[in-house]
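Student: kindly return the folded structure for what I paste below:
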Amino acid sequence: MVGIAQSRGLPPIPVTNEPLHMADAALNRLKDGLVTGRIVLTAA
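Tutor: Residues are numbered from 1 along each chain as shown. Just a heads-up that it's a prediction; the model follows:
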């Protein structure tokens, strides 16, 4: 599997930055299956 990924390349995983105060909404979207990739919570 790793060999295939290295030879063909894979698209980058989408990353969405969310402010920390939106953590509850981000978790709800995750539970509802609406998240593609990763959500990163930031303190700023």
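Student: what helix or strand is the nearest residue to V35 once chain neighbours are set aside on?
Tutor: Across the structure, with C-beta to C-beta, 6 or more residues apart in numbering as the measure, the residue nearest V35 apart from its sequence neighbours is R29 (5.3 Å). Glycine gets a C-beta too; all of them are placed from N, C-alpha and C. The secondary structure element spanning R29 is helix 23-31 (assigned by DSSP states H and E).
Student: just the buried residues of that helix, please?
Tutor: Applying a neighbour-count criterion of 16 or more other C-beta atoms under 10 Å, one finds A26 buried in helix 23-31.
Student: ok, then the element right after it?
Tutor: Past helix 23-31, heading to the C-terminal end, the next element that is a helix or strand (DSSP H and E) is strand 38-42.
Student: need the contact partners of that following strand.
Tutor: 13-20, 22-23, 26, 29-30 (C-beta atoms under 8 Å, 6 or more residues apart in numbering).
Student: go again using 6 Å as the cut-off
Tutor: Counting by C-beta atoms under 6 Å, 6 or more residues apart in numbering, strand 38-42 makes contact with 15-18, 20, 23, 26, all of which sit outside it.
Student: those residues in helices, which ones?
Tutor: For the contacts of strand 38-42, the ones inside helices are 23, 26, with DSSP state H as the criterion.
Student: and for the helix holding R29, what's in contact with it?
Tutor: In contact with helix 23-31 (C-beta under 6 Å, 6+ apart) are residues 18, 35, 39, 41.
Student: excluding chain neighbours, what is closest to the first one?
Tutor: By that I understand E18. Spatial nearest neighbour of E18, chain neighbours left out: A26 (5.0 Å); criterion: C-beta to C-beta, 6+ apart.
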